[in-house]
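>>> when you get a sec, could you give me coordinates for this:
(2 chains)
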Amino acid sequence: MNVNKSRMSERRALLLRPSSRAVTLSKSRGMKESSSGSRHTHATTRSQTQSVVDLSSRRRFSLTAASKVLEKKQLESEPELRVFDEEGHDVTPRPLLQADPGAAQARSCRFYMEEVSAAPGSVSEQTAASGSLTVPFSRSVLGSSRISSQSTIESVNEEIEETFSRRDVIITVPDVQVKRDTGDKHVTEDMLKDIIDVFVCETDTISLLDQPCTAVSADADDAAAVMDRNKRYSEVCRNRMGSDKFLERSVQTLSGALKNKHVQSDAVITVDAAAAVTAWDMYDSLNASDREEAEPSSDAETSKCPDSAVDGSRGVDRSASMVSMASTASASSSLKDVDVCSSVKTESDLQLIMQSDRFHHSLLVMERSIMGNTFQPLLAAYRQLPVVADQQPGTMELKEDEEDTDSRPSPALQHLWAFSCELTRGRRVSCMAWNKKNQDILAVGYGELDSTGVEPGLICCWSLKNPTWPERVVHCHRAVTALDFSAHCPGQLAVGMSDGTIAVYNVQNLQNQESGVISSSECPNKHSGPVWQLRWTQQELSFTGEDKQEVLVSASADGRISRWFVFNNGLDCIDLMKLQKVNNVKKKTGGKKTESVLSPLTPALCFDFHPTDTGLYLAGTWDGLVHKCSCSNTQQVLETFRKHFCPVTCVSWCPLSPDVFLSCSSDWTIQLWQQDQLRPVISFTSAQRAVCDVQWSPRWAAVFGAVNEGQLEIWDLNWSTLDPIIVQPAAPGGTMTSLLFTPQSHCVLVGDGQGRVTVYLVENLNVGGGDQVRGGTRVDHGSGLRLDDTKPQAPLHLVFQVDVLRDIVSSAASSQVAHHIW
Amino acid sequence: MAEVEETLKRIQSQKGVQGVIIVNSEGIPIKTTLDNSSTVQYAGLIHQLVMKARSTVRDIDPQNDLTFLRVRSKKNEIMIAPDKDYFLIVIQNPSD
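The predicted structure is shown next:
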């Protein structure tokens, strides 16, 4: 605007005209092309009015000339108007602003008019004087037919205002329109991507104010002239008083009338807010802004400034609101009493929350914490942690076992807890297996023994962290008779059922189980009798013995031991062995051998793979025979161990001593064998009941456990081979059916016929070390500590016990041999 | 959904559990087994405690977050599972 003013001052004669012409020009342009109504406010109208009137009052001569010119020009009806001054110079005004048409143009015009109208001169006084002039002006300006109705002038002001208002309308709005049409190009995407060169250069120096110095140095060249002039001027001033050349005259400047103006605005609402900036607050804001493009979440922060008033962090807001809510909680508790659980919003909240996965997880963790609290001493005993009693102030009980050094308490089983729930009540536990990866997970299969039954079986995966409810429950269509976890894929559980079906479940995600179960039900080779034992075992595929793969092997009542693999979404098998009925080598009189007519195969009840030589396994049969077989030979057994005359219910290799194995049978006996001897080395009998299950302890080489229907027996060969060291009778009326040792703890699990799996802690079992008095002969263990270089470094006590076992076995064997010889 | 209900019922019937409260994100208890005044008191107080605990954990390491909070006292233990949308509060007296 200052620029405009300076230009105006320079070319006064011209500029005013162009300005007025700018108004009229635009107006004329507008007249030709405009069509819209008035949208302009009255205030601007008035200002326009004022300014135009001012112009007209000041430049009368130029106006008339201009009007003449205009008349001429308007008749031409050209969009482009050329203006000439008196001398005929082309003074067509260039538009002041070219870049920003429309509103900016109007605004600049308006501002310019304001500037001009700021010059002194009230409207009202000048109006009368210029009334005559405005008339021709208006007439000339409004020469178009549109304002033809304004021919008669009733009231100058009104008319002027009216016309000017209309003109104003025509000026500003169509002005806007015109400019907008020409200036509005469609900006396409391509245009945006174009690289536009922008040249930035300096304009010439615009001097806004040049006030030359009024002081001249005394040494300057024209100092003399200046000083002369100064002297003359001072003389004139002195002579002024009495001379006739000067006349006093006073002039009065009228000060403009003051006008009061009131402005009303809305009160500025201020809100006080405070926030505490925390490290995580800043971290959240930073991350939220980063994540906004990827995932516009509803909870994203809206501002990065942590202490901004309204858009503060949600946490802060919540905390602030919660603090306020908490402080008023007591006050408004009466309110809440009524509305705590009954408002609609909270109901929907509850439903939403209860369905979310996170809530499920929270419940799981909570339940385990509660269980942890409830079972804390028992679980601590299980894991061999020292049990810490809650310290009560005032009763300082220092529990010191002083009798430890004096007398050894006798070995006993401590009942810890029992895995049981309503689902399992009344069902018989048929098999149990630990998970190979997570030692806290136990899979238990439930199913009745009678094969005629078609009642469904149950599998429960229990976790040590919650003994009251299983983590996973799977209902099977038949009674479960065998199960085993895979070591290669720890989530896979292979289940054998009483109709011969084998299914592999993935216990990690049981939700989509219907499609995830791999089953052998469609396999043509499936077992026709109950699957009595299942094992995942490492098998060598190639002859070099390097390539090991885990395979599933099953033994079933149809006499086959098969190896299973996944085929066509189901399981298919290869027979490893068909157990033929082996006839007793009895010399008949007729020399005829008795042959069975029903089936040449005898049911296989159990098998066990050798711990180190994976191609070798033992199989126990219905006939009471234990066969040693090899995976590479499917036709013949390697050896047969005969002793039992009733079905062999379990065979088990000793995990710590490789050549020794146990077998137990329904003929009330347990036999200890050595691999290279066809007669058992030691026999154990204690109760007159069928022994269902036997297992070596994984921690003590000379200890094993056995379950017959009425009791659990723990045998320690170190202590005695005639009697078990610990006997735990079953609950009255109940039967024990299966047995499982825990690999990393001194506990043993016993499953019974009522659906309970009881956990017992074996305590005070002294094995290894010290002098052991055994059956009359003193065994010297002084030289027992032999470290075998080829074996991996086993704990000393284990090596020690293995040697103990070997000693026992060898001594027993030798005594037997002696007996035989005898 | 039924599983969730069952789990809640099991928790409520465990040995020594005195009360279970579920509080939504605004601090309003939406499900409770205690009486109203206790519920409101617990909800308000525990909300503040959890905010403070969470702020503490995250101040030390902003990438960390609070997952579970247990307050053991002479008479009982309060276990809180906090989350963005809710709090699950269980009060248990383990020696019952």
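>>> the lengthiest helix in chain B near chain A at all?
Counting residues, the longest helix in chain B under DSSP state H turns out to be helix B:36-60. Yes: using Cβ under 8 Å from any Cβ of the partner chain, helix B:36-60 comes into contact with chain A via B:36-37, B:39-41, B:43-45, B:47-48, B:51, B:55, B:58-59. Glycine gets a C-beta too; all of them are placed from N, C-alpha and C.
>>> show the buried residues in these.
Buried by 16 or more other Cβ atoms under 10 Å in any protein chain shown: B:36, B:39-40, B:43-44, B:47, B:51, B:55, B:58, out of those.
>>> got a list of what the residue in the stretch 601-750 of chain A that chain B sits nearest to touches?
The minimum distance from the stretch 601-750 of chain A to chain B, using Cβ to the nearest Cβ, falls at A:A731 (21.6 Å). By Cβ atoms under 8 Å, 6 or more residues apart in numbering or on different chains, the residues touching A:A731 are A:752, A:754.
>>> give me the pLDDT for it.
Note for A:A731: predicted pLDDT of 80.
>>> how close does it sit to A:I195?
Look at A:A731 and A:I195: by Cβ to Cβ, to the nearest Å, they are 90 Å apart.
>>> for A:D693, same thing?
According to Cβ to Cβ, A:D693 and A:I195 sit 84 Å apart.
>>> could you do B:Y42 as well?
Going from B:Y42 to A:I195 by Cβ to Cβ gives 66 Å.
>>> strands of the stretch 351-500 of chain A, residue ranges please.
A:412-419, A:429-434, A:441-446, A:457-463, A:472-476, A:480-485, A:492-497 (DSSP state E, counting those that start in this stretch).
>>> pull up the pairing partners for the longest one, direction included.
Same thing as strand A:412-419. strand A:757-763 (antiparallel) (DSSP bridges).
>>> what comes up buried for the partner strand?
By neighbour count on 16+ other Cβ under 10 Å, the buried set for strand A:757-763 is A:757-762.
>>> can you redo the residues you listed as a markdown table with distance to A:S556 and pLDDT?
Formatted as a markdown table, the buried residues of strand A:757-763 follow (distance: Cβ to Cβ, whole Å; pLDDT from 0 to 100):
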| residue | distance to A:S556 | pLDDT |
| --- | --- | --- |
| A:V757 | 25 | 90 |
| A:T758 | 29 | 90 |
| A:V759 | 30 | 91 |
| A:Y760 | 31 | 90 |
| A:L761 | 35 | 89 |
| A:V762 | 33 | 87 |
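>>> nearest to A:P658, of those?
Of all those, A:P658 sits closest to A:V762, with 24.1 Å by Cβ to Cβ.
>>> got the residues of the stretch 51-200 of chain A near chain B?
By Cβ under 8 Å from any Cβ, no part of the stretch 51-200 of chain A sits against chain B.
>>> where does pLDDT dip in the stretch 51-200 of chain A?
Where the stretch 51-200 of chain A drops to pLDDT under 70, the residues are A:51-80, A:98-186.
>>> give me the secondary structure label for whichever residue of it sits closest to chain B.
Closest residue of the stretch 51-200 of chain A to chain B, Cβ to the nearest Cβ: A:L192 (39.2 Å). What DSSP: H, G, I helix; E, B strand; the rest coil gives for A:L192 is helix.
>>> same check on the one 5 residues further on?
For A:D197, the secondary structure call by three-state DSSP comes out as coil.
>>> picking up where we left off before, reformat the strands of the stretch 351-500 of chain A as TSV; add mean pLDDT.
Formatted as TSV, the strands of the stretch 351-500 of chain A follow (pLDDT from 0 to 100):
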stretch	mean pLDDT
strand A:412-419	88
strand A:429-434	90
strand A:441-446	91
strand A:457-463	90
strand A:472-476	87
strand A:480-485	90
strand A:492-497	88
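>>> so which of those is nearest A:N766?
Minimum separation from A:N766 across those (Cβ to Cβ) falls at strand A:412-419, 12.2 Å.
>>> would you mind listing the buried residues in that closest one?
Using 16+ other Cβ under 10 Å as the test for burial, strand A:412-419 gives A:413, A:416-419.
>>> dump the residues of helix B:36-60 next to chain A to JSON lines, plus pLDDT.
Conversion of these to JSON lines gives the following (pLDDT from 0 to 100):
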{"residue": "B:N36", "pLDDT": "93"}
{"residue": "B:S37", "pLDDT": "94"}
{"residue": "B:T39", "pLDDT": "94"}
{"residue": "B:V40", "pLDDT": "94"}
{"residue": "B:Q41", "pLDDT": "93"}
{"residue": "B:A43", "pLDDT": "93"}
{"residue": "B:G44", "pLDDT": "93"}
{"residue": "B:L45", "pLDDT": "93"}
{"residue": "B:H47", "pLDDT": "92"}
{"residue": "B:Q48", "pLDDT": "92"}
{"residue": "B:M51", "pLDDT": "91"}
{"residue": "B:S55", "pLDDT": "92"}
{"residue": "B:R58", "pLDDT": "92"}
{"residue": "B:D59", "pLDDT": "91"}
